[in-house]
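J.: Take a look and give me a structure for this.
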Amino acid sequence: MKGLELPINMIVIVAIAVLVLVVVAAFFAGQLSGGINTIGASAAYGSGCNTLRTAYGCDSLQVSNIKIIGYNPYNVPVTAGTQYVGETLLTACQQNFKQSSMDNTACARACGCGI
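T.: Below you'll find the model as predicted:
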């Protein structure tokens, strides 16, 4: 009987390891389900602020016009292999700071512009 305990224990350990790997894979697959070429609010905010400072000289009127490639917070359906260009720096500011009432000037200030 002792000779059978080792293989049964090994089968149980392997089964648990496989289950853990499946759970970890499902977790990461869920994280990546946002689509191809999408970025989060924090990365979009940083990218948009950089564009605002360097390309537009901190012009707060441009905050609503700066489109951020790959920023798709509303999960708009996008065909595979394409990038979503549609949400603005203002949307990234509002989502990053969780303030839906944030306006162009407040967003520009948050980006480090002395307005």
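J.: can you list the weak-confidence ranges in this protein?
T.: Within the chain, the ranges that satisfy pLDDT under 70 run 1-6, 29-38, 83-84.
J.: need the helices for this protein, in chain order.
T.: Listed from the start of the chain, the chain has helices (DSSP state H) covering 2-31, 41-55, 89-97, 104-110.
J.: Buried deepest among those helices, which one?
T.: Between the helices of the chain, helix 89-97 has the highest mean count of neighbours, a mean of 22, where neighbours are mean count of other CB atoms under 10 Å. Backbone N, C-alpha and C define where each C-beta goes, glycine included.
J.: returning to what we had before: for the helices of the chain, could you give me a markdown table that also reports distance to N65?
T.: Converted to a markdown table, the helices of the chain look like this (distance: least, CB to CB, whole Å):
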| stretch | distance to N65 |
| --- | --- |
| helix 2-31 | 31 |
| helix 41-55 | 10 |
| helix 89-97 | 8 |
| helix 104-110 | 9 |
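J.: In this structure V76 contacts G86, no?
T.: Yes. Between V76 and G86 a contact is recorded at 6.6 Å, counting by CB atoms under 8 Å.
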